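A.B. asks: Sequence and predicted model, in that order:
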Amino acid sequence: MPLFPEIKEDFSLHSFNTFHIDSIARYFTEVNSIENLKEFIASGKLNENPFLVLGGGSNLLFTGNFKGIVVHIINKGIEIINRTDDSVIVKAAAGENWHEFVTYCVNQGFGGLENLSLIPGNVGSCPIQNIGAYGVEVKDSILSVEAIDIQSGELLAFSKEECRFGYRDSIFKRDLKGKFAICSVTFELKLNPVVHLEYGAIKQELSAMEIGNPTIADISKAVCAIRHSKLPDPKLLGNAGSFFKNPTVNQKIAEKLTETFPRIVSYPLGNEKVKLAAGWLIEQCGWKGFRDGDAGVHENQSLVLVNYGNATGSNILTLAHRIQNSVYERFGVKLEMEVNVI
Ligand code: FAD
Ligand code: EPU
């Protein structure tokens with residue numbers, strides 16, 4: 001009797017990662033429910049092979065073929081758990097597309113996620129690196145995360161505090177890396193939303209749209225317009241968004257850097273720490289628009305590495321290392337990769 005769910009062999013991941021790297025998975029399977037995943041874990045297949053839990057593939061770089069099992073999470077469903085006068089609790093399955101879920105919330109008048117419109121990927125991955133954009137992080141709207149222990153098959157709920165969210169960081173990227181498959185995320189959203197306009201570009205976009213008193217739908221529209229103008233569409237040009245995180249340094253180091261490089265772009269974090277714009281550091285090292293074969297640095301946004309067609313994951317990684325080295329040599333600042341290198 002065939003094992004359920006079906007396992008495909010020597011499966012191309014080309015259309016399952018936004019870098020469009022032509023990596024072959026030895027085994028590939030899709031799970032469309034928690035029961036399905038539990039059944040798969042009980043089969044013992046995941047203990048016999050290295051495995052990778054895959055969502056939308058928009059924050060991954062495959063540097064070779066994957067010699068184990070790729071488990072693609074595709075469970076669907078959005079459920080309203082509770083509603084009060086001020087807020088609504090919504091649970092979304094991991095396999096829901098992130099932007100479609102944000103659009104659903106915006107259309108229902110549920111506020112909190114509108115600044116995160118158009119981020120590629122799935123709901124199940126949003127807690128992993130605590131996705132953020134335009135002045136908002138998803139942690140601000142997350143109530144809890146439900147995940148299955150890959151070893152035991154046990155389904156556990158993690159409170160927001162237990163997720164230990166940070167900038168592009170959570171427990172799922174650290175202590176629990178590769179140990180859990182996230183099955184659903186529960187959000188607490190606002191019915192009388194407070195709009196977040198701190199990010200300068202949003203205000204500019206809204207004023208260009210001649211909107212003075214924006215709704216969450218207006219914010220979502222403005223964010224989509226900004227993203228379309230700044231970031232490459234992965235359907236047209238392979239990429240995984242920002243390849244590196246914006247580095248955080250001590251205030252004293254930031255002051256020294258500012259003396260030497262008065263135009264450095266920095267954001268005080270308020271705790272003697274300062275965040276630096278990695279895109280600026282990379283551009284100053286001359287990388288903006290650089291291309292070596294099919295691996296390159298985007299011409300409008302130096303933080304985004306791109307695949308012009310046939311780059312391998314190793315080509316992209318080699319370029320990433322060259323960028324890290326040159327930024328370190330010039331500024332003494334280490335760039336940490338945001339993208340998950342497999
Ligand atoms: P994947 O790439 O499939 O997986 C990412 C990691 O999570 C992998 O380690 C994977 O093993 C793990 N994983 C995936 N699903 C699960 C699960 N259910 N359970 C356990 N582990 C899992 N990110 C931002 O934060 N802000 C941005 O503004 C932003 N802009 C982007 C723009 C572009 C054009 C692109 C291509 C990417 C951008 N990103 C951004 C990065 C990316 O969209 C996010 O990190 C997104 O959350 C990744 O989702 P995914 O489903 O594609 O994850
Ligand atoms: N900059 C340059 N040159 C560049 C790129 C940027 O000088 O080539 C400078 C500009 O001065 C700009 C500043 O850097 O004002 C910041 O740039 P931008 O507003 O584009 O944001 P970012 O810091 O490069 C971050 C996130 C993005 C997120 C945007 C919007 C990280 C690592 N990246 O980019 O997230 O969409 O802000 O909030 O924090 C992602 O994580 O994949 C991602 C795309």
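C.D. replies: Nice, I can see it. Ligands and ions are numbered 1, 2, ... in the order given.
A.B. asks: Tell me how many other residues surround residue 276.
C.D. replies: 23 (other CB atoms under 10 Å). Quick note: C-beta positions are derived from backbone N, CA and C, even for glycine.
A.B. asks: thought it was touching residue 333?
C.D. replies: Yes - look at residue 276 against residue 333 with CB atoms under 8 Å: they come within range, at 6.5 Å.
A.B. asks: How about the contacts made by residue 55?
C.D. replies: 72, 73, 94, 95, 121, 122, 124, 125 (CB atoms under 8 Å, 6 or more residues apart in numbering).
A.B. asks: May I ask which two of those are separated the most?
C.D. replies: 72 and 121 (12.7 Å; CB to CB).
A.B. asks: Break the protein down into its domains, please.
C.D. replies: Here the domain parsing of the chain from automatic domain parsing is 8-73, 78-190, 238-341.
A.B. asks: returning to that earlier point: among the contacts of residue 55, which ones lie close to ligand 1?
C.D. replies: Near ligand 1, judged by CB under 6 Å from any ligand atom, the entries from these are 73, 94, 121, 122, 124, 125.
A.B. asks: Mark which of the residues you listed are buried, thanks.
C.D. replies: 73, 94, 121, 122, 124, 125 (16 or more other CB atoms under 10 Å).
A.B. asks: picking that back up, may I see the ones next to ligand 1 among the contacts of residue 55 organised as CSV, with secondary structure added?
C.D. replies: Output for the ones next to ligand 1 among the contacts of residue 55, formatted as CSV (DSSP: H, G, I helix; E, B strand; the rest coil):
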residue, secondary structure
73, strand
94, coil
121, coil
122, strand
124, helix
125, helix
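A.B. asks: Closest one of those residues to ligand 2?
C.D. replies: Closest to ligand 2 out of the ones next to ligand 1 among the contacts of residue 55 is residue 121 (9.7 Å), distances taken as CB to the nearest ligand atom.
A.B. asks: Got phi/psi on that closest one?
C.D. replies: phi 110, psi -170 (degrees, to the nearest 10).
A.B. asks: where does the stretch 101-250 of the chain come near ligand 2, residue by residue?
C.D. replies: Within the stretch 101-250 of the chain, the residues that sit near ligand 2 (CB under 6 Å from any ligand atom) are 133, 134, 230, 241, 242, 245, 246.
A.B. asks: Verify the stated contact: the second one with residue 226.
C.D. replies: Yes - Residue 134 lies in contact with residue 226 (CB under 8 Å); the separation is 7.3 Å.
A.B. asks: Touching both of those two, which residues are there?
C.D. replies: In contact with both residue 134 and residue 226: 201, 202, using CB under 8 Å, 6+ apart.
A.B. asks: which residues in the stretch 201-342 of the chain form helices?
C.D. replies: Ranges of helices within the stretch 201-342 of the chain are 216-230, 251-260, 278-284, 313-331, based on DSSP state H, counting those that start in this stretch.
A.B. asks: what's the distance between the residue of the stretch 151-300 of the chain at minimum distance from ligand 1 and residue 133?
C.D. replies: Among the residues of the stretch 151-300 of the chain, residue 241 lies closest to ligand 1, at 2.5 Å counting by CB to the nearest ligand atom. Going from residue 241 to residue 133 by CB to CB, to the nearest Å gives 9 Å.
A.B. asks: Show me which of the two is the more surrounded one.
C.D. replies: residue 241 (22 against 19).
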